[in-house]
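1. Have a look; sequence and predicted model below, questions after that.
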Amino acid sequence: MNLYRWKNDVAIGALVAIVSATAAHAASSDVIESRLRALEAEIAKLRREARQAKADAHQAAHAAQSSAANAEAARASTSLMPPVFVSFKNGLFVESEDKAYNFKIGGRMQFDGGGATQPLNGWSNQAGVRQVRLEIEGKAANYWFYKLQYDFAGSQYGTPFNAPVQGGIRDFYLGLQHPILALPFTKEPAFIHIGSYFEPFSLEFTASSRFRDFIERAMAVEAIAPSRHLGAAIGAYGDNWTAKGGVFTTSFEDLNTNPVVGAPPLIGIPAKAGWFPTGGGQYFELTGRLTYAPIMTQHDLLHVGVSGRYHQPNSATGLSDDRVLRIGNRIRSEAYILNQGLLGTPDLSCGSVILPGWTAAAAAHCVNNVESFGVELSAAHGPLSLQAEYLAHTDPH
């Protein structure tokens, strides 16, 4: 009996253990299954995030590629159209960022008036416009420089034969300063100058009216210095010296820009005068100037210079080469506005010209060439300054 009860108890205990183990296993399976579901959800989430990250990376790469393309296009556009610097100081000035190109637009207006109690000729009082000029100048491609200046007023006084300078082109030139023109004794290369500009002669005549001490130039300078002409020149400069020389011909400021063919008179010319018919060939001249400043500081200056000029009239007459062959006829006194003509010579051309009101007139002076030279001096110390020139003109027959 007891044995039977013991066996029965063991059987019941085993059954309980089995049931407990089964229940525990079932509970453990539920936990594992729950964990598996959580892991699957986490994996699915990670997959979604990975796909999103891949999509974001692709979009970022596309954006970066597009941005790089835009930057390259911007750089290309910048290389074609570089940034510029713009200033309105003393006119309009525009310059590229690399300083290879620039231009400036400016001009000037000058008005004058005066009076004289006892004028020798001209007017006792008058007022008028002296200059109305518009100009553009600048640099191109690092090595080229240029300028165009136009005067809308000109010289309004004098009779037609006294040759007033009409309004029109003044400076009109193109220049080149390239490293190929470098010289061993200069910091900057030499330059080539072609067009219409002041010939390298005289200190006062080559100075702009904006910087001269007086309103008008001295009469001697006006009479002898050659002013602007068409030509070609080469020049160089250093810290305290300059040198320039060239060959020149017609000027926009001549009374006639074309030579006048001579009209020989039929009678009245002695054979021994050596006259021969001329006309049709334009004049030319060779001009050069050297300057040196042994003293050049912020407050002190000493400047010296020398100029030379050889003028060959060829077959030009006083109607085209009037400033040399009728020297002084167009010159007015320093009170220019009053139109007082105090200088003048007869026609020195070798031939004959037709004058207003005359059929023909012979000019037997036969100037073969004209030679001019000048020396110049300028000095300054603080607010004090002085300037002087000596000019000479020879016209051997």
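-> Sure thing, it's come through.
2. Next, count neighbours for residue 98.
-> Residue 98 has 9 neighbours, counted by other C-beta atoms under 10 Å. C-beta coordinates here come from the backbone N, C-alpha and C atoms, glycine included.
3. swap in the one 3 residues further on?
-> Residue 101 has 17 neighbouring residues, counting by other C-beta under 10 Å.
4. from memory residue 252 sits against residue 168, does it?
-> Yes - using C-beta atoms under 8 Å, residue 252 is in contact with residue 168, at 5.6 Å.
5. Scan this protein for its longest strand.
-> Ranked by number of residues, the top strand in the chain under DSSP state E is strand 125-140.
6. ok, that strand: who's next to it in the sheet?
-> The pairing partners recorded for strand 125-140 under DSSP bridges are strand 102-115 (antiparallel), strand 144-154 (antiparallel).
7. right, so of the ones you listed, which gets closest to residue 191?
-> Checking the strands paired with strand 125-140 against residue 191 by C-beta to C-beta gives strand 144-154 as the closest, at 7.9 Å.
8. Could I get the average pLDDT for the closest one?
-> For strand 144-154, mean pLDDT rounds to 90.
9. Could I get the buried residue list for the next helix or strand after it?
-> Reading on from strand 144-154 to the C-terminus, the next helix or strand found by DSSP states H and E is strand 166-176. Of all the residues in strand 166-176, those buried under the rule 16 or more other C-beta atoms under 10 Å are 167, 170-173, 175-176.
10. Show me how far the following helix or strand past strand 166-176 is from its chain's centre.
-> The first helix or strand that comes after strand 166-176 along the chain, using DSSP H and E, is strand 191-198. Taking C-alpha atoms, centre = their mean, to the nearest Å, one finds strand 191-198 lying 12 Å from the centre of the chain it belongs to.
11. Equivalent analysis for stretch 386-397, please.
-> Taking mean C-alpha positions (C-alpha atoms, centre = their mean), stretch 386-397 and its chain are 32 Å apart.
12. how long is stretch 312-322 from one end to the other?
-> Distance between the boundary residues of stretch 312-322 (C-alpha to C-alpha, to the nearest Å) amounts to 13 Å.
13. actually stretch 84-98, not the one I typed
-> Terminal residues of stretch 84-98 lie 9 Å apart, using C-alpha to C-alpha.
14. and that stretch, which residues are buried?
-> For stretch 84-98, by 16+ other C-beta under 10 Å, it's 93, 95.
15. residues in contact with it?
-> 82-83, 101-107 (C-beta atoms under 8 Å, 6 or more residues apart in numbering).
16. mind running it again at 7 Å?
-> The contact list for stretch 84-98 (C-beta atoms under 7 Å, 6 or more residues apart in numbering) reads 82-83, 102-106.
17. What's the mean pLDDT across that stretch?
-> For stretch 84-98, mean pLDDT is 91.
18. Stretch 128-140 now?
-> 91.
19. Straight-line length of stretch 242-253, end to end?
-> End-to-end for stretch 242-253, by C-alpha to C-alpha: 26 Å.
20. how about that stretch: buried residues?
-> Going by neighbour count (16+ other C-beta under 10 Å), the buried part of stretch 242-253 is 243-244, 246, 248, 250-253.
21. Wait, residue 348 touches residue 395, no?
-> Yes - at 6.5 Å, residue 348 counts as touching residue 395 under the criterion of C-beta atoms under 7 Å.
22. shared neighbours, the two?
-> Among the neighbours of residue 348, those also in contact with residue 395 (C-beta under 7 Å, 6+ apart) are residue 367.
23. between those two, which one's more packed in?
-> Between residue 348 and residue 395, counted using other C-beta under 10 Å, the more crowded position is residue 348 (21 against 18).
24. SS state for the more buried one?
-> coil (DSSP: H, G, I helix; E, B strand; the rest coil).
25. quick one, helices of the stretch 1-150 of the chain?
-> For the stretch 1-150 of the chain, the helices defined by DSSP state H, counting those that start in this stretch occupy 2-80.
26. Oh, that last question was meant for the stretch 251-397 of the chain, not what I typed.
-> 322-325.
27. so where's it shaky on pLDDT?
-> Applying pLDDT under 70 to the stretch 251-397 of the chain picks out residues 260-280, 350-366, 396-397.
28. picking up where we left off before, redo the contacts of stretch 84-98 as TSV? Include neighbour count and distance to residue 199.
-> Below are the contacts of stretch 84-98 laid out as TSV (neighbours: other C-beta atoms under 10 Å; distance: C-beta to C-beta, whole Å):
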residue	neighbour count	distance to residue 199
82	14	37
83	8	39
102	16	26
103	15	25
104	18	24
105	13	26
106	14	23
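29. Tabulate those (JSON lines), appending distance to residue 54.
-> As requested, the contacts of stretch 84-98 are exported to JSON lines (distance: C-beta to C-beta, whole Å):
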{"residue": "82", "distance to residue 54": "42"}
{"residue": "83", "distance to residue 54": "41"}
{"residue": "102", "distance to residue 54": "53"}
{"residue": "103", "distance to residue 54": "55"}
{"residue": "104", "distance to residue 54": "59"}
{"residue": "105", "distance to residue 54": "59"}
{"residue": "106", "distance to residue 54": "63"}
